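**Student:** any chance you could fold what I've pasted below:
(chains A and B, ligands or ions: 2)
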Amino acid sequence: MTPLLELKNVVSGYGSIRALKDVSATVDPGEAVAIIGSNGAGKSTMLKTVCGLVRPFQGQIVFNGKDITGWEAERVAAAGIALVPEGRRVFPRMTVLENLLLGAYTRTDRAAISEDLDKMYDLFPKLYELKARMAGSLSGGEQQMLAFARALMSKPRLLLLDEPSMGLAPIIVSQIYNTIATIRKAGVTIVLVEQNAKLALSAVDRAYVMETGRIVLEGRPEEILQDQKVMRAYLGVS
Amino acid sequence: MGNPGAGLCARPPERGFPMVFEQIINGLILGSTYSLIALGYTMVYGILEMINFAHGEIYMFGAFTGLWLTLTTNLPFVATFLLASLAAAALGFVIERVAYRPLRRSSRITVLISAIGVSIFLQNLMLIVAGPQTRDFPAKLSIVTWHLPGGVAFTSLQAYILLLVVVLMAGLQLLVQRTKIGQAMRAVAQDREVARLMGIPIDKVISFTFVLGSGLGAVAGIIIGVYFNSVDPLMGMLPGLKGFVAAVLGGIGSIPGAMLGGLILGFAEVAGTIYMSSYKDAIAFCFLVLILLIKPSGILGRSLQEKV
Ligand SMILES: Nc1ncnc2c1ncn2[C@@H]1O[C@H](COP(=O)(O)OP(=O)(O)OP(=O)(O)O)[C@@H](O)[C@H]1O
Ligand SMILES: [Mg+2]
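**Tutor:** Ligands and ions are numbered 1, 2, ... in the order given. Down below sits the predicted model:
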């Protein structure tokens, strides 16, 4: 199977800081892949580089058969990659509905957009109740739902999730992970970044372990869970 | 009244109600031009967090283009007005492309210096092209004066100006709140990175913001040029600064704030003209100092922490 996303020897970072040092990875269509690793390992940088928010210094990124290396973020978004950013980042002084419609910014199929809006309200009934509220006034969990729904409104082929459980109560986290399972069933390919390794590994087919800008391990969740050395050294599990 | 520019100070001071009424109209007109200027500053600041110090020169350029079209063509005034505003909007587009966009990743001070450079360049260019003298603006308008009971006079020019400003402000509000480009502008102002993730072409949004702000600034320049029947190459300096003060007063980045800040400043200045006319221009800067001391985020602005 040709991968949906492929990173080939990507070097990337900020100014003179190299946060990704020679990263290669693949994601197959329909697959859910986790990227785990401790603070500052380069997980977010990897996602930002894929989305075009950070330009790679070297290497190549191929998405859906197209070389998207160095593309501007707006072009990558239009090509079918959506990111739910770390910290949710909803537009605080816009309503829930406006946030959702911005998710569909690159689409022109009006009828289908309003259909998808209804689908989002089915998936997150709470958002329907809150649709006229300013996004900044929502709780953390509600904002996370909104960030998910906003990303899905672009009808992405590939959904990138950056620490969706961060700072949320356990009950909300389990809701979020149920949603991830639902989205997967709908056929969306997912890359999930988490610091909480056990949580992430429970939700995916395959995972990469990152450490200081490099991938140090790749495998199925049960393989990674069995690697005592990795679990201890990088993931803080004793 | 043959002279359309018989505006603020030209009239003999009358007493009682007619004077109050007249000063209210003057305050509204002056204030709404400050609002129009302030909108350009505030929209650009909202999106780029930069102060476009060449904005006063766009105002001046609008007035000069309007004058030039009036003198060299037979176009009706409405067409002159429109073309001059479009020309100034195009100038705003070019300035952003040439002087600001290449510095997008530079420090704020670099961009500020570039803006001041553009401002000085445009002033001097106009000094060379048009000469330093102040010119009349013989707008092709037939102006009617209405004499209302109680000795109150009101001109059709004043009515046109106020109507135009109301229409522009309402239109802008609709554009920003209801249209797709308006949504995109607000999204870029609130979180530029995430706006890009939504697929919003931020370069286009930034260009559009400059075009819009410059067009509004030019409208203010033409209004003032016609109303006071006076145009000169340095005419943008003081109104430019005052428009900036109005934007800060209302809360920089806030569109309703710019509208409010301009009106407050306009009324304060007109009141100042009555009681201490030689200090009129100082009022704006007293406001600036006061607002920076009392509430730096402005009347309708968000506090700085919130702004992230
Ligand atoms: N905007 C930036 N400018 C400069 N350096 C940055 C920037 N963002 C991240 N870095 C650096 O790049 C490295 C990787 O950061 P990154 O955010 O990708 O890590 P992460 O794995 O997502 O960590 P976390 O789990 O804390 O989110 C870190 O050393 C970080 O300090
Ligand atoms: Mg991160």
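**Student:** can you tell me which residues contact the nearest residue to residue B:155 once chain neighbours are set aside?
**Tutor:** What sits nearest to residue B:155 in space, not counting adjacent residues and going by C-beta to C-beta, 6 or more residues apart in numbering or on different chains, is residue B:145, at 5.0 Å. All C-beta atoms are positioned from the backbone trio N, CA, C, and that covers glycine. For residue B:145, the residues meeting the contact criterion (C-beta atoms under 8 Å, 6 or more residues apart in numbering or on different chains) are B:1, B:153, B:154, B:155, B:156.
**Student:** residues from the stretch 1-150 of chain B in reach of ligand 2?
**Tutor:** Neighbours of ligand 2 within the stretch 1-150 of chain B, by C-beta under 5 Å from the ion: none found.
**Student:** out of the contacts of residue B:145, which are buried?
**Tutor:** Buried members of the contacts of residue B:145, scored by 16 or more other C-beta atoms under 10 Å in any protein chain shown, are B:153, B:155.
**Student:** if you look at the contacts of residue B:145, which of them are in helices?
**Tutor:** If you go by DSSP state H, those have residue B:156 in helices.
**Student:** JSON lines for the contacts of residue B:145, including pLDDT and distance to residue A:229?
**Tutor:** Converted to JSON lines, the contacts of residue B:145 look like this (pLDDT from 0 to 100; distance: C-beta to C-beta, whole Å):
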{"residue": "B:1", "pLDDT": "34", "distance to residue A:229": "92"}
{"residue": "B:153", "pLDDT": "86", "distance to residue A:229": "91"}
{"residue": "B:154", "pLDDT": "88", "distance to residue A:229": "86"}
{"residue": "B:155", "pLDDT": "92", "distance to residue A:229": "86"}
{"residue": "B:156", "pLDDT": "92", "distance to residue A:229": "86"}
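**Student:** and the contacts of residue B:145, which is closest to residue B:277?
**Tutor:** Comparing the contacts of residue B:145 against residue B:277 with C-beta to C-beta places residue B:153 closest, at 20.9 Å.
**Student:** hang on, that closest one packs against residue B:22?
**Tutor:** Yes - the pair formed by residue B:153 and residue B:22 meets the contact definition of C-beta atoms under 8 Å, at 7.3 Å.
**Student:** stretch B:116-131: how far from the chain's middle?
**Tutor:** Offset of stretch B:116-131 from its chain centre (C-alpha atoms, centre = their mean, to the nearest Å): 19 Å.
**Student:** same thing with stretch A:3-10?
**Tutor:** Relative to its chain's centre, stretch A:3-10 lies at 16 Å (C-alpha atoms, centre = their mean).
**Student:** and the residue nearest to residue B:155, what pLDDT?
**Tutor:** The predicted local confidence for residue B:145 comes out at a pLDDT of 90.
**Student:** quick one, phi/psi of it?
**Tutor:** Here the main-chain torsion angles of residue B:145 (degrees, to the nearest 10) amount to phi -110, psi 130.
**Student:** how many neighbours does the nearest residue to residue B:156 once chain neighbours are set aside have?
**Tutor:** Among residues not flanking residue B:156 along the chain, residue B:144 sits closest, at 4.4 Å (C-beta to C-beta, 6+ apart). Residues contacting residue B:144 under the criterion other C-beta atoms under 10 Å in any protein chain shown number 11.
**Student:** hmm, residue B:144 is touching residue B:154, no?
**Tutor:** No - the pair residue B:144 and residue B:154 does not pass the contact test of C-beta under 8 Å, sitting 9.5 Å apart.
**Student:** need the longest helix for chain B.
**Tutor:** For chain B, the longest helix by residue count, based on DSSP H, is helix B:17-48.
**Student:** nope, chain A is what I was after
**Tutor:** Among the segments of chain A that qualify as a helix by DSSP H, the longest is helix A:170-185.
**Student:** buried residues in that one, which are they?
**Tutor:** Within helix A:170-185, the residues that qualify as buried are A:172, A:173, A:175, A:176, A:177, A:179, A:180, A:183, A:184, counting by 16+ other C-beta under 10 Å.
**Student:** show the pLDDT at the residue of the stretch 1-150 of chain B found nearest ligand 1.
**Tutor:** Here the residue of the stretch 1-150 of chain B nearest ligand 1 is residue B:105; by C-beta to the nearest ligand atom that distance is 12.7 Å. According to the model's per-residue confidence, residue B:105 sits at a pLDDT of 87.
**Student:** where do the strands of chain A begin and end?
**Tutor:** Shown for chain A, the strands assigned by DSSP state E span residues A:5-14, A:17-27, A:32-36, A:56-63, A:66-67, A:81-84, A:158-162, A:189-194, A:206-211, A:214-219.
**Student:** save these as JSON lines, and put in distance to residue A:149, mean neighbour count and mean pLDDT too.
**Tutor:** Conversion of the strands of chain A to JSON lines gives the following (distance: least, C-beta to C-beta, whole Å; neighbours: other C-beta atoms under 10 Å in any protein chain shown; pLDDT from 0 to 100):
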{"stretch": "strand A:5-14", "distance to residue A:149": "22", "mean neighbour count": "19", "mean pLDDT": "96"}
{"stretch": "strand A:17-27", "distance to residue A:149": "22", "mean neighbour count": "19", "mean pLDDT": "95"}
{"stretch": "strand A:32-36", "distance to residue A:149": "18", "mean neighbour count": "24", "mean pLDDT": "95"}
{"stretch": "strand A:56-63", "distance to residue A:149": "23", "mean neighbour count": "18", "mean pLDDT": "96"}
{"stretch": "strand A:66-67", "distance to residue A:149": "27", "mean neighbour count": "12", "mean pLDDT": "96"}
{"stretch": "strand A:81-84", "distance to residue A:149": "10", "mean neighbour count": "27", "mean pLDDT": "96"}
{"stretch": "strand A:158-162", "distance to residue A:149": "11", "mean neighbour count": "25", "mean pLDDT": "97"}
{"stretch": "strand A:189-194", "distance to residue A:149": "15", "mean neighbour count": "24", "mean pLDDT": "96"}
{"stretch": "strand A:206-211", "distance to residue A:149": "26", "mean neighbour count": "22", "mean pLDDT": "93"}
{"stretch": "strand A:214-219", "distance to residue A:149": "31", "mean neighbour count": "16", "mean pLDDT": "92"}
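**Student:** so which of the ones you listed gets nearest residue B:91?
**Tutor:** Counting by C-beta to C-beta, residue B:91 lies closest to strand A:5-14 out of the strands of chain A; the figure is 35.3 Å.
**Student:** so the closest one, near ligand 1 or not?
**Tutor:** Yes - with C-beta under 6 Å from any ligand atom as the measure, strand A:5-14 is seen reaching ligand 1 through residue A:14.
**Student:** tell me the strands beside that strand, with direction?
**Tutor:** If you go by DSSP bridges, strand A:5-14 pairs up with strand A:17-27 (antiparallel), strand A:56-63 (antiparallel).
**Student:** before we move on, back to that, so what's the backbone phi/psi at the residue of the stretch 1-150 of chain B closest to ligand 1?
**Tutor:** Geometry field for residue B:105 lists phi and psi as phi -100, psi 10, criterion degrees, to the nearest 10.
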